[in-house]
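A.B. asks: Here's my sequence, what's the structure:
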Amino acid sequence: MRRRNSAKVATSAGCLPLLRDLLDPDAGTFPRDRAAALLLALFAQPLTRIAALTMNDLDISGEEVRITLGVHGPVPVPEPFGHVLREHATNRGPRNITANQSSPWLFPGSRPGQHVHSTYLMNQLASNGIHLLGTRLAAIRALVQEMPPAVAAQALGYTSECTEDHAIQAGATWAAYASHRGRARNAWLRSALNRAHPT
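C.D. replies: Now for the predicted structure:
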């Protein structure tokens, strides 16, 4: 039996096979589950928050896909990962596709007007072999090494205390935060993109 609540933390390199699978439409995973796993692996989002995202949180009106996860406002989703979210948002299946077109939820549930339950998402992703807690912890610890924890907190919807704690555990220090203000970068996303989807 899979031990879903293990505190073991995956590494960012260990997440690369998952990222490659998320980009493979022939991997046998529903677009809904690929989209949810993407938000877990790239943006360290807990499933309770993923399940409750609305269509207003996702902007697919332009060439660049953007998603709002925290008070920082919309953050870009790099391609080709943005295509995964765009594909899911187009029909929001795999069931009740017609009814889901009028749903306000990014991940509609089986009952009209309700979003999918986070436990259901958890079971779906776990059945696909995704280590839920380890993947999320690896993502947030990679992110706080590439941007000031306070910026990560605003962009991802975490408290600054939480991201500071993860930065300490990841060995990141931001004593020179002021010199990085306004130009914080997420180099890990670009590295993951390049390694998971080589040109």
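A.B. asks: Please count neighbours and contacts with C-alpha atoms only from this point.
C.D. replies: Noted.
A.B. asks: residue contacts, the most centrally placed residue in the chain?
C.D. replies: Residue closest to the average C-alpha location in the chain (Cα atoms, centre = their mean): residue 39, at 1.5 Å. Under the criterion of Cα atoms under 8 Å, 6 or more residues apart in numbering, the neighbours of residue 39 are 45, 50.
A.B. asks: Using CSV, list the CA coordinates for the helix or strand encompassing it.
C.D. replies: Secondary-structure element containing residue 39, defined by DSSP states H and E: helix 31-43. Coordinates of each C-alpha in helix 31-43 appear next as CSV, following Å, rounded to 0.1, in the frame of the first residue of the first chain:
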residue,chain,number,x,y,z
PRO,A,31,-6.1,16.6,-18.6
ARG,A,32,-7.8,17.5,-15.3
ASP,A,33,-5.3,15.4,-13.3
ARG,A,34,-2.4,16.7,-15.4
ALA,A,35,-3.4,20.3,-14.6
ALA,A,36,-3.8,19.6,-10.9
ALA,A,37,-0.4,17.8,-10.8
LEU,A,38,1.2,20.7,-12.6
LEU,A,39,0.0,23.2,-10.0
LEU,A,40,1.4,20.9,-7.3
ALA,A,41,4.8,20.3,-8.9
LEU,A,42,5.5,23.8,-10.3
PHE,A,43,3.8,26.1,-7.9
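A.B. asks: Now the helix or strand following it: buried residues?
C.D. replies: Counting by DSSP H and E, the next helix or strand C-terminal to helix 31-43 is helix 47-51. Within helix 47-51, the residues that qualify as buried are 47, 50-51, counting by 16 or more other Cα atoms under 10 Å.
A.B. asks: Wait, residue 66 touches residue 60, no?
C.D. replies: Yes. With contact defined as Cα atoms under 8 Å, residue 66 reaches residue 60; the gap is 6.7 Å.
A.B. asks: Helices of this protein, residue ranges please.
C.D. replies: 16-22, 31-43, 47-51, 81-91, 97-100, 118-127, 132-143, 149-156, 160-170, 177-180, 187-196 (DSSP state H).
A.B. asks: between the ones you listed, which gets nearest to residue 75?
C.D. replies: Closest approach to residue 75 among the helices of the chain (Cα to Cα): helix 149-156, 7.0 Å.
A.B. asks: how far is the helix holding residue 39 from where the chain is centred?
C.D. replies: Relative to the centre of its chain, helix 31-43 is centred 5 Å away, using Cα atoms, centre = their mean, to the nearest Å.
A.B. asks: the inter-axis angle of it versus helix 132-143?
C.D. replies: Relative orientation of helix 31-43 versus helix 132-143 (axes from the mean of the first three to the mean of the last three Cα atoms, to 10 degrees): 40 degrees.
A.B. asks: between helix 31-43 and helix 81-91, how big is the angle?
C.D. replies: 150 degrees.
A.B. asks: okay if I get the helices of the chain as TSV plus mean pLDDT and distance to residue 109?
C.D. replies: Converted to TSV, these look like this (pLDDT from 0 to 100; distance: least, Cα to Cα, whole Å):
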stretch	mean pLDDT	distance to residue 109
helix 16-22	74	22
helix 31-43	91	11
helix 47-51	95	9
helix 81-91	91	13
helix 97-100	76	9
helix 118-127	93	9
helix 132-143	87	20
helix 149-156	86	24
helix 160-170	84	30
helix 177-180	43	41
helix 187-196	48	30
